[in-house]
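A.B. asks: I would like to see how this sequence folds:
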Amino acid sequence: MARYEVNPDAVAHVRRLIDARQYVLDSDWGEVQPDAAAQNAYLERHSWEEYAAWHLGLTDGAAEETKARHAFVVGDFRRVHRTGLIACVYRASEWRHKDVELAAHDLLQHLDATSG
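C.D. replies: All right, here's what the predicted structure looks like:
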């Protein structure tokens with residue numbers, strides 16, 4: 001099983017987006033989560049650093065500047081999705097990636113407090 005470390009730049013980016021009210025509170029994550037085509041389109045116009053800012057996890061041992069390096073996406077490359085954060089908490093918890101789970105949980109709590 002892959003191991004992940006928390007991406008602190010993504011945590012800071014997501015927090016800034018939440019503070020700027022750039023979020024969606026109610027969405028079907030299965031429908032809005034970026035698929036491979038959306039990821040490729042984003043990478044055609046943005047840097048790997050910008051791409052990474054949407055992913056709370058970094059895969060240990062994966063090569064830099066590859067999609068395999070980035071995990072636990074939380075938005076649609078425009079806004080943070082509450083359902084994306086919930087999915088990250090659930091998936092990280094399910095596979096026992098505790099640091100990513102807690103980072104996503106903290107961001108979810110921040111989103112709820114900000115939007116409440």
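
A.B. asks: mind checking the longest helix of the chain?
C.D. replies: Ranked by number of residues, the top helix in the chain under DSSP state H is helix 98-115.

A.B. asks: packing partners of that one?
C.D. replies: Judged by 3 or more C-beta pairs under 8 Å, 6 or more residues apart in numbering; DSSP states H and E, the packing partners of helix 98-115 are strand 4-6, helix 8-19, strand 55-59, strand 70-73, helix 82-94. For glycine as for every other residue, the C-beta is placed from the backbone atoms N, C-alpha and C.

A.B. asks: kindly recompute the last result at 7 Å.
C.D. replies: Applying 3 or more C-beta pairs under 7 Å, 6 or more residues apart in numbering; DSSP states H and E, one finds that helix 98-115 contacts strand 4-6, helix 8-19, strand 55-59, helix 82-94.

A.B. asks: distance-wise, check the nearest residue to residue 63 once chain neighbours are set aside relative to residue 106.
C.D. replies: What sits nearest to residue 63 in space, not counting adjacent residues and going by C-beta to C-beta, 6 or more residues apart in numbering, is residue 69, at 6.4 Å. The spacing between residue 69 and residue 106, counted by C-beta to C-beta, to the nearest Å, is 23 Å.
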